[in-house]
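Asker: sharing a model that was predicted from the sequence below.
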Amino acid sequence: MLRTCQKACSLLMFLRRLNLEDPRDREIAQELFLAAPEYEVDAFGRLPSNDMAQPLEGRFPSACAPEHRLTFAAFDHDRPLGLAQVALHMPSADAAALLLLLVPAPLRKQHVGCEIVERLSRQARRWPGISQWYLSVTDTNTGGLAFWRHCGFRTTATGLTAAGFTHTMHAMTRAVKQRPLCQRHGVPEDDAGVDARNLFARLR
């Protein structure tokens, strides 16, 4: 079971890439996914389960090469804190799409999501040809929109549609090397809107 973190910003957080073909890594990813049930409810209108119609390994765009499909878990020592999925060179050659970022409910509003984004950005600086982040968020996901703006993302398009989504979406981008807005000791976080609740992207 996931244990509650009391001091998220003093965590010795690290990211580890998961191999979803490995049973233990898949278990870690599923546990983190199931700890954020509103992701499926808000995005697709269904409750998550262990026999989901679209498992985590199937959430990458079909055009994304297998070697460009990255799944990461954030840890404090051996404790999983969050889950992220990235598709390299999507939707353009110089971009990486953030397909999924989930933080379990007990860890929210403790800057865990912001820290995961920044650690992913440090990783991304070593990915050849990648200079921009890309993601999309449904118009109705006000918490997600506030979170990504807090992390320095800016809306580049609105009114996007995608199969399986009832609501239209915002496309958002940010330079990989951009300095984070969230400094913990600097720009204060808006507790009303920033909770890393349900953040996802769907490529057209």
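Answerer: That came through, no problem. Just so it is clear, the structure is predicted and the values come from calculations on it, not from any experiment.
Asker: pLDDT weak spots in this structure?
Answerer: For the chain, applying pLDDT under 70 flags the ranges 1-11, 40-54, 164, 181-204.
Asker: could you work out the end-to-end span of stretch 163-179 for me?
Answerer: Using Cα to Cα, to the nearest Å, the end-to-end distance of stretch 163-179 comes to 34 Å.
Asker: for stretch 79-96, that is, sorry about that
Answerer: Start and end residues of stretch 79-96 are separated by 27 Å (Cα to Cα).
Asker: same check, this time on stretch 58-68
Answerer: Distance between the two ends of stretch 58-68: 13 Å, counting by Cα to Cα.
Asker: what about the helices in the chain?
Answerer: Under the criterion DSSP state H, the chain contains helices at 23-34, 38-44, 112-124, 142-150.
Asker: and the third one with helix 142-150, angle?
Answerer: Helix 112-124 and helix 142-150 meet at an angle of 50 degrees, taking axes from the mean of the first three to the mean of the last three Cα atoms, to 10 degrees as the criterion.
Asker: give the contact list for Ala157.
Answerer: If a contact means Cβ atoms under 8 Å, 6 or more residues apart in numbering, then Ala157 has His170, Ala171 as its contacts. The C-beta positions use only the backbone N, C-alpha and C, and glycine is treated the same way.
Asker: now it: how far from Tyr134?
Answerer: Taking Cβ to Cβ, to the nearest Å as the measure, Ala157 falls 11 Å from Tyr134.
Asker: which residues are common contacts for those two?
Answerer: Contact with both Ala157 and Tyr134 is made by residues Ala171, according to Cβ under 8 Å, 6+ apart.
Asker: what pairs with the strand ranked longest in the chain, parallel or antiparallel?
Answerer: If you go by DSSP state E, the chain has its longest strand at strand 79-88. Paired strands of strand 79-88, with direction, are strand 69-76 (antiparallel), strand 95-102 (antiparallel) (DSSP bridges).
Asker: measure the residue most central in space within the chain to Ala93 for me?
Answerer: Nearest to the geometric centre of the chain sits Leu101, at 1.8 Å (Cα atoms, centre = their mean). Distance from Leu101 to Ala93, counting by Cβ to Cβ: 23 Å.
Asker: cool, and His167?
Answerer: For His167, the distance to Ala93 (Cβ to Cβ) stands at 29 Å.
Asker: now swap in Thr173 and tell me
Answerer: Distance, Thr173 to Ala93, using Cβ to Cβ: 14 Å.
Asker: which one of these two has more residues nearby?
Answerer: Set Thr173 next to Ala93 and count neighbours by other Cβ atoms under 10 Å: Thr173 wins out with 16 against 10.
Asker: wouldn't that one be in contact with Gly152 here?
Answerer: No. Taking contacts as Cβ atoms under 8 Å, Thr173 lies outside contact range of Gly152: 9.9 Å.
Asker: who touches Tyr134 in this structure?
Answerer: Taking Cβ under 8 Å, 6+ apart, we find Tyr134 in contact with Met90, Pro91, Ser92, Ala95, Ala96, Ala97, Leu98, Ala171, Met172, Thr173, Ala201.
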